[in-house]
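Asks: Here you go, sequence then predicted model.
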Amino acid sequence: MQSADTPKKVFIKTWGCQMNVYDSTRMQDALESDGYSPTDNMEDADLVLLNTCHIREKAAEKVYSNLGRIRALKKARAETDRPMTIGVTGCVAQAEGKEILAREKSVDLVVGPQTYHRLPQIVARAKTHGPQVDTEYAVEDKFAHMPMATRKQVQARGVTAFLTVQEGCDKFCTFCVVPYTRGAEISRPHAMIMDEARALVDAGVREITLLGQNVNAWHGLGPNGREMRLGELLHDLAQVDGIRRLRYVTSHPKDMDDGLIEAHRDLDVLMPYLHLPVQAGSDRILKAMNRSHTAQEYVDIISRVRKMRPDIAISGDMIVGFPGETDEDFEATMDIVRATDYAQCYSFKYSPRPGTPGAEMTDQVDETVKTKRLARLQALLNEQQVAFNASCVGKTIEVLVEKPGKTSDQLIGRSPWLQSVVVPSHTGGIGDIVEVTVTSANPNSLIAQPAKRIVD
C-alpha cells in the first residue's frame, strides 16, 4: 500500500466550456486540501478524473474511448503500491450515472457537477467501499461549500481568472442538455462573489471573467438588501481596487437588460467584448428551439449595445441543421450573421442529445445537407473574423501580458477584444498592461510592437 507520507497526485482532463475549466480548478483545489497535488502526467497520477461535456455529439463515446486507454494503466498499477483511482465527472457523468459503471468496470466514481465539494469524501469512500455514484442535486448550497482557492493556487494559474457567479439554466432550449445536467438557475450571493474577487486581486489577478450558463440571469441581494442584476454587480466589482479588466460569459438575449447594456458604456474596466449566442436566424427555427426571442430582437440588442460601446466586438454561437431547417431558414441564418458582423463565432452541426425534445423531432436534416450548410456558414464567419482582426492593424491598444511566447523573445498578451497578441519579450512583464501598436494580423491572433509606455 502507498505510504501515508507519499504525495498523492491527481490528473484532470477537461472537455467543454469555460465552466468546466473552472470546475476542474475547483475540484483540484478541493483535492489539494486532501493531500493531492496536480500533475500533467496521467501515468504518474494516483487519481485520474475525466471532466466531461455533453453538449456535442458522441460525447459519451469519447469518454468511453478514453476510459479504454486508461483501463490498461490502472491494470498495470493494480499490483503496485500506488493503485490508480479513476473518476468521471461533469455533464456526461450527470447524464449517464450508473450506466458508466455498468459499461466500464475500471471506473471507481461518477460525480455530477452539483457535488464537487464532496469530492474528497467520495474518493475516500470509493477506495474503501467500492464504486461510488453521486449525481443527486445537493440540498446544501454548492457555492457555500466549494473551498476558495488559496493565494498560492491562484498565483500558479496566472494573471487572469474565472469567477463563477451563476450556474444552471431555466431556458430549456430544445437542443440542449444543460438544464438536465446542471439543474435550475442558481445565483451566487453578492458577498461571496465580492470576497472571491478581492482574494483573486490580492493574489495578483488583473482580469476576471464572470462565468455562468446564463451569466446575465444573475440576480441577488446587495449590501443594502435591494435586489440587483448583473449590470449592478459589475459596477460593484469595478470598485474593487486592483481589478483592471472585467468580462462575462455566456449570456442569453432574454436577460440583456438595460442596466447591463448601459454598463458597457459606463465602465472602462468592462472589456468591449460580448459573447451573445443567437443559434439561428430564422424565427421559425428559433421558436422550435424554444429560444424565446426573435431574430429581429437579437439584432436590436446588438444595435443597442453598439450604440453604448461602438468599439465592441460581438461573439456568438450558431447551429445549422436543426430539425426542420429548410434552405430558406438557413439563408436567414446567413442574413443574421451578415447583419451582426461577428468578430468571432462558434458554429456547429446540430446533433441530437438524448433526453432533449430536439432528439424526438421527426424532421431531422440529412447529414450531407448539414455539412454543406456548415461549410458555407463557416466560410462567412471566417471572413468576418479575418476582417475584424485586420481592422486592428495600425491601432494602438492596451494589452494584458499573460504568459511567455513560443520563443524566448516573445510574450503573449490579450487584447480588449480577447484576441491573443504576440509582443516582443522586452515589452513588459507578465501581469503588465502595456500600450502596443498592432503591426499585423493573423486569422486567430495579432502581432504588435511596444508603443509609448507600460500603462500599469
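Replies: Arrived safely, thanks for sending.
Asks: Report the beta-bridge partners for the closest residue to residue 390 other than its chain neighbours.
Replies: If you skip the residues right next to it in sequence, residue 390 has residue 441 as its closest partner in space, 5.0 Å away by CB to CB, 6 or more residues apart in numbering. Backbone N, C-alpha and C define where each C-beta goes, glycine included. The residues paired with residue 441 through beta bridges, assigned by DSSP bridges, are residue 446.
Asks: How far off centre is the longest helix anywhere in the chain?
Replies: The helix spanning the most residues in the chain, taking DSSP state H as the definition, is helix 367-391. Taking the mean C-alpha point of helix 367-391 and that of its whole chain, the gap between them comes to 22 Å (CA atoms, centre = their mean, to the nearest Å).
Asks: quick one: residue 273 and residue 318, what's the gap?
Replies: Distance, residue 273 to residue 318, by CB to CB, to the nearest Å: 18 Å.
Asks: Please disregard the earlier target; I meant residue 228.
Replies: Taking CB to CB, one finds residue 228 at 32 Å from residue 318.
Asks: Please say which of these two ends up with more neighbours.
Replies: Residue environment comparison for residue 228 versus residue 318 gives the larger neighbour count to residue 318, 22 against 19, counting by other CB atoms under 10 Å.
Asks: That one against residue 349, yeah?
Replies: No. Using CB atoms under 8 Å, residue 318 makes no contact with residue 349, being 10.2 Å away.
Asks: quick one: low-confidence parts of the stretch 1-150 of the chain?
Replies: By pLDDT under 70, the weakly predicted segments of the stretch 1-150 of the chain are 1-6, 55-59, 137-142, 144-147.
Asks: Which parts of it are helices?
Replies: Ranges of helices in the stretch 1-150 of the chain, per DSSP state H, counting those that start in this stretch, are 18-32, 59-77, 90-96, 98-103, 119-129, 142-145.
Asks: Which of those helices sits closest to residue 297?
Replies: With respect to residue 297, and counting by CB to CB, the nearest of the helices of the stretch 1-150 of the chain is helix 18-32 at 25.7 Å.
Asks: The closest one - contacts with which helices or strands?
Replies: With contacts defined as 3 or more CB pairs under 8 Å, 6 or more residues apart in numbering; DSSP states H and E, the secondary structure elements packing on helix 18-32 are strand 8-14, strand 36-38, strand 47-52, helix 90-96, helix 119-129, helix 151-157, strand 160-164, strand 207-211.
Asks: Could you export these to CSV, including columns for mean neighbour count and distance to residue 297?
Replies: As requested, these are exported to CSV (neighbours: other CB atoms under 10 Å; distance: least, CB to CB, whole Å):
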stretch, mean neighbour count, distance to residue 297
strand 8-14, 20, 34
strand 36-38, 17, 44
strand 47-52, 25, 34
helix 90-96, 26, 29
helix 119-129, 16, 41
helix 151-157, 14, 38
strand 160-164, 20, 28
strand 207-211, 22, 24
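Asks: Pipe those into TSV and attach distance to residue 338 per row.
Replies: Listed next are the helices and strands packed on helix 18-32 as TSV, based on distance: least, CB to CB, whole Å:
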stretch	distance to residue 338
strand 8-14	35
strand 36-38	45
strand 47-52	36
helix 90-96	33
helix 119-129	46
helix 151-157	39
strand 160-164	32
strand 207-211	29
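Asks: so who does the residue nearest to residue 390 touch?
Replies: Residue 441 sits next to 386, 389-390, 392-393, 447 when contact means CB atoms under 8 Å, 6 or more residues apart in numbering.
Asks: now with 6 Å?
Replies: 389-390, 393 (CB atoms under 6 Å, 6 or more residues apart in numbering).
Asks: Going through these, which ones are buried?
Replies: By neighbour count, with 16 or more other CB atoms under 10 Å, the contacts of residue 441 hold residue 389 as buried.
Asks: Any chance of the contacts of residue 441 in a markdown table with pLDDT and distance to residue 105 as columns?
Replies: Converted to a markdown table, the contacts of residue 441 look like this (pLDDT from 0 to 100; distance: CB to CB, whole Å):
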| residue | pLDDT | distance to residue 105 |
| --- | --- | --- |
| 389 | 98 | 49 |
| 390 | 98 | 54 |
| 393 | 98 | 56 |
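Asks: Nearest to residue 289 among the contacts of residue 441?
Replies: Of the contacts of residue 441, the one sitting nearest to residue 289 (CB to CB) turns out to be residue 389, at 30.2 Å.
Asks: Please enumerate the helices of the stretch 301-450 of the chain.
Replies: For the stretch 301-450 of the chain, applying DSSP H, counting those that start in this stretch gives helices covering 327-340, 357-360, 367-391.
Asks: Include distance to residue 25 when you put those into CSV, please.
Replies: As requested, those are arranged in CSV below (distance: least, CB to CB, whole Å):
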stretch, distance to residue 25
helix 327-340, 32
helix 357-360, 32
helix 367-391, 28
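Asks: hey, least reliable of those helices by pLDDT?
Replies: When mean pLDDT is averaged over each of those, helix 357-360 scores lowest at a mean of 94.
Asks: Could you check how far that helix is from the centre of its chain?
Replies: Relative to its chain's centre, helix 357-360 lies at 25 Å (CA atoms, centre = their mean).
Asks: Could you do stretch 257-265 as well?
Replies: Stretch 257-265 sits 22 Å away from the centroid of its parent chain (CA atoms, centre = their mean).
Asks: out of the contacts of residue 441, who's nearest residue 359?
Replies: Comparing the contacts of residue 441 against residue 359 with CB to CB places residue 389 closest, at 37.2 Å.
Asks: ok, now how distant is the residue nearest to the closest one when sequence neighbours are not counted from residue 420?
Replies: On the basis of CB to CB, 6+ apart, the spatially nearest residue to residue 389 that is not a chain neighbour turns out to be residue 441, at 3.9 Å. Counting by CB to CB, the gap from residue 441 to residue 420 is 11 Å.
Asks: thinking again about what came up before, with distance to residue 107 as added columns, please give the contacts of residue 441 in a markdown table.
Replies: Output for the contacts of residue 441, formatted as a markdown table (distance: CB to CB, whole Å):
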| residue | distance to residue 107 |
| --- | --- |
| 389 | 43 |
| 390 | 48 |
| 393 | 51 |
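Asks: Among the contacts of residue 441, which one sits closest to residue 400?
Replies: Using CB to CB as the measure, the one of the contacts of residue 441 that approaches residue 400 most closely is residue 389, at 17.7 Å.
Asks: Counting neighbours, which bits of stretch 313-327 end up buried?
Replies: By neighbour count, with 16+ other CB under 10 Å as the criterion, the buried positions of stretch 313-327 are 313-316, 318-325.
Asks: Just name the closest of those to residue 290, please.
Replies: residue 322 (11.2 Å).
Asks: Does the closest one touch residue 285 like I think?
Replies: Yes. Residue 322 sits in contact with residue 285 when judged by CB atoms under 6 Å, with a separation of 5.4 Å.
Asks: burial of residue 232, as a residue count?
Replies: Burial of residue 232 is recorded as 19 neighbouring residues (other CB under 10 Å).
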